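Asker: next comes the sequence, and after it the predicted model I'd like to discuss.
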Amino acid sequence: MQPNLDSAYWLGLAISVVLPVLVGLVTTRVTHAGTKAVLLLALTAANGFLVELANAGDDYQVGSALVLWAVSFATGVLAHFGLWKPTGVSGKAQDVGASSSVRSAA
């Protein structure tokens with residue numbers, strides 16, 4: 001028996017890896033970590049349920065969507081702490097919207 005994952009599952013996994021960067025783009029460095037975690041949780045929930053919707057086949061399985069949500073959230077957290085944060089991408093994503101120029105009084 002060979003395991004076979006449809007392209008929707010692979011796309012969902014890839015999105016899960018990128019979601020922490022998206023959270024960094026819409027938040028700032030001073031945003032509470034709990035708020036960022038809840039935002040990541042909501043985005044991964046949408047990812048999990050949409051992946052199941054895209055690959056429902058005969059019927060939509062809520063249990064599969066919940067498992068995909070859990071896998072997506074775990075993948076996002078692992079990608080954040082294992083890849084994006086050590087390489088500095090998370091910090092740079094949060095700096096995108098910040099104004100770095102300081103005006104001096106003349």
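Answerer: Structure received. Residues are numbered from 1 along each chain as shown.

Asker: who are the contact partners of the spatially most central residue of the chain?
Answerer: In the chain, the centroid-proximal residue (Cα atoms, centre = their mean) is L19; its distance is 2.1 Å. Applying Cβ atoms under 8 Å, 6 or more residues apart in numbering to L19 gives the contacts 40, 43-44, 47, 72, 76, 79. Quick note: C-beta positions are derived from backbone N, CA and C, even for glycine.

Asker: Serialize those to TSV and add fields for pLDDT and secondary structure.
Answerer: Formatted as TSV, the contacts of L19 follow (pLDDT from 0 to 100; DSSP: H, G, I helix; E, B strand; the rest coil):
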residue	pLDDT	secondary structure
L40	96	helix
L43	97	helix
T44	97	helix
N47	96	helix
S72	96	helix
G76	96	helix
A79	96	helix
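
Asker: how close does the residue nearest to the centre of the chain sit to L25?
Answerer: Look at L19 and L25: by Cβ to Cβ, to the nearest Å, they are 10 Å apart.

Asker: okay, and the helix or strand of this protein with the least pLDDT?
Answerer: When the helices and strands of the chain are scored by mean pLDDT, DSSP states H and E, helix 89-95 comes last with a mean of 89.

Asker: just to revisit the earlier point, which one of the contacts of L19 is nearest to I15?
Answerer: Lowest distance from I15 to these (Cβ to Cβ) belongs to N47, with 5.4 Å.

Asker: for that closest one, give me its contacts.
Answerer: 12, 15-16, 19, 68-69, 72.

Asker: and those residues, which two are the farthest apart?
Answerer: L19 and L68 (13.1 Å).

Asker: show me where this structure has helices.
Answerer: Along the chain, the segments classed as helices by DSSP state H run 7-26, 33-54, 62-79, 85-87, 89-95.
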